[in-house]
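Chemist: sequence unknown, structure follows:
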């Protein structure tokens, strides 16, 4: 049945009637079962009208539309909170009338809250320290409980939590094994060394998780990672029950976020791994690193990103890289989900300096770097592709072009997809690659060619 309302993205079974009541009931339930109330109480006492965030928001810089101002977007939900969930707001409404939640408010939220990339750049420049990402996640969480969520995200997480394959790309375990056997043959042909992708090895030091899409479209990244772990004599395994590092709950639903993490924790304990090793992906790393302690009821499980481990192995002299292999000019894109919290900014750059001679920084980089334009899950929503190219990713494409680089390293899986599409859309004379793609090219392996 066709939707009666016009939504900015495809959704499966949206709430069409009595949306105001449902919105408020869901909002109330979330406030009762979470810590959002404490945050909203604090933020609702602050007047967010300086609009300093307009100068750093890459979306507003293109659209100049007031609805794309981060503090305006946050104020929509805060206004609803103050009116319906605080005593002062309730009394004021009784005395003066008006300010009730309306269908128009909900329409504004569902459009505005999915325009945002959730990159968090505005947070760094807010003089009041308002974290607009938290309010964004809450707004999306409420909408998702009403069934108003992009269909692509919903279907992916449903397969991950309820499907036979237990992963977002519906890759069966046999398909994974066939892919990895092919990659092992490729490594041996290119490097002259037999390297294994261990599956279902018990009592390893690391259980490895990367977005399942990497196994389909990022073979060079995976071969580079496998070679690094082989040369470093690292004991690792890919769990066979759940090998997908994707967690789209980070973008739209706290309940989904928790369910995916519990599944991952159970898998780590099943194979008796000591630590979690995350691939290059930014959102996978943030979801596991930041939220695993919240949902882990047992013994602590340390979380390590592959870039951290690779740097350690290089500095220990276990990995040797040929400085004469990569001759092109290279730049590096900082994934928002990694660097906004001052994580993994220097590590990849230290690795790069070990084997790349011609490296240039993008105009914005590190903690303050621009988003790729596909953040907050928008890269997975196919119907907003024109928006990602012409609006949210426009400034990033301009940065890529002005760098003069031949290769842009994009370690995050979502960033890789967005960067590749930006390069194609704007016909930029460059290519994108993962950090371990280039490491794979430059590695000198013992007994190899």
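Modeler: Arrived safely. Being a predicted model, the structure only gives us computed values, none of them experimental.
Chemist: Distance of the residue of the chain most remote from its centre relative to residue 89?
Modeler: What lies farthest from the middle of the chain is residue 95; by CA atoms, centre = their mean that is 45.0 Å. Residue 95 is 11 Å from residue 89, where distance means CB to CB, to the nearest Å. To be clear about C-beta, it is placed using only N, CA and C from the backbone, and glycine gets the same treatment.
Chemist: Which neighbours do these two have in common?
Modeler: By CB atoms under 8 Å, 6 or more residues apart in numbering, residue 95 and residue 89 have no common neighbours.
Chemist: Quick check: which ranges of the stretch 51-200 of the chain have low pLDDT?
Modeler: For the stretch 51-200 of the chain, applying pLDDT under 70 flags the ranges 98.
Chemist: Helices along that one, start to end?
Modeler: 60-63, 70-85, 87-96, 103-115, 121-125, 132-145, 151-162, 173-191 (DSSP state H, counting those that start in this stretch).
Chemist: my guess is residue 322 contacts residue 439, does it?
Modeler: No: using CB atoms under 8 Å, residue 322 makes no contact with residue 439, being 10.5 Å away.
Chemist: what residues do these two have in common as contacts?
Modeler: Joint contacts of residue 322 and residue 439 (CB under 8 Å, 6+ apart) are residue 355.
Chemist: of those two, who's got more company?
Modeler: Using other CB atoms under 10 Å, the more surrounded residue of residue 322 and residue 439 is residue 439, with 25 against 11.
Chemist: next structured bit after the helix or strand that the more buried one is a member of?
Modeler: Per DSSP states H and E: residue 439 is located in helix 435-442. Counting by DSSP H and E, the element after helix 435-442 in chain order, helix or strand, is strand 443-444.
Chemist: Could you tell me how far that next one lies from the centre of the chain?
Modeler: 30 Å (CA atoms, centre = their mean, to the nearest Å).
Chemist: what helices or strands is it leaning on?
Modeler: For strand 443-444, the packing partners by 3 or more CB pairs under 8 Å, 6 or more residues apart in numbering; DSSP states H and E come out as helix 219-231, strand 320-321.
Chemist: Single out the most deeply packed of these.
Modeler: Greatest average neighbour count among those goes to helix 219-231 (a mean of 23), per mean count of other CB atoms under 10 Å.
Chemist: I'd like to know how many residues surround residue 233.
Modeler: 8.
Chemist: My guess is it contacts residue 318. True?
Modeler: Yes: using CB under 8 Å, residue 233 is in contact with residue 318, at 7.4 Å.
Chemist: Make sure residue 429 is indeed in a strand.
Modeler: No: counting by DSSP: H, G, I helix; E, B strand; the rest coil, one finds residue 429 to be coil, located in no strand.
Chemist: mind listing what the residue lying closest to it once chain neighbours are set aside touches?
Modeler: Among residues not flanking residue 429 along the chain, residue 406 sits closest, at 7.5 Å (CB to CB, 6 or more residues apart in numbering). If you count contacts by CB under 8 Å, 6+ apart, residue 406 has them with 328-330, 429-431.
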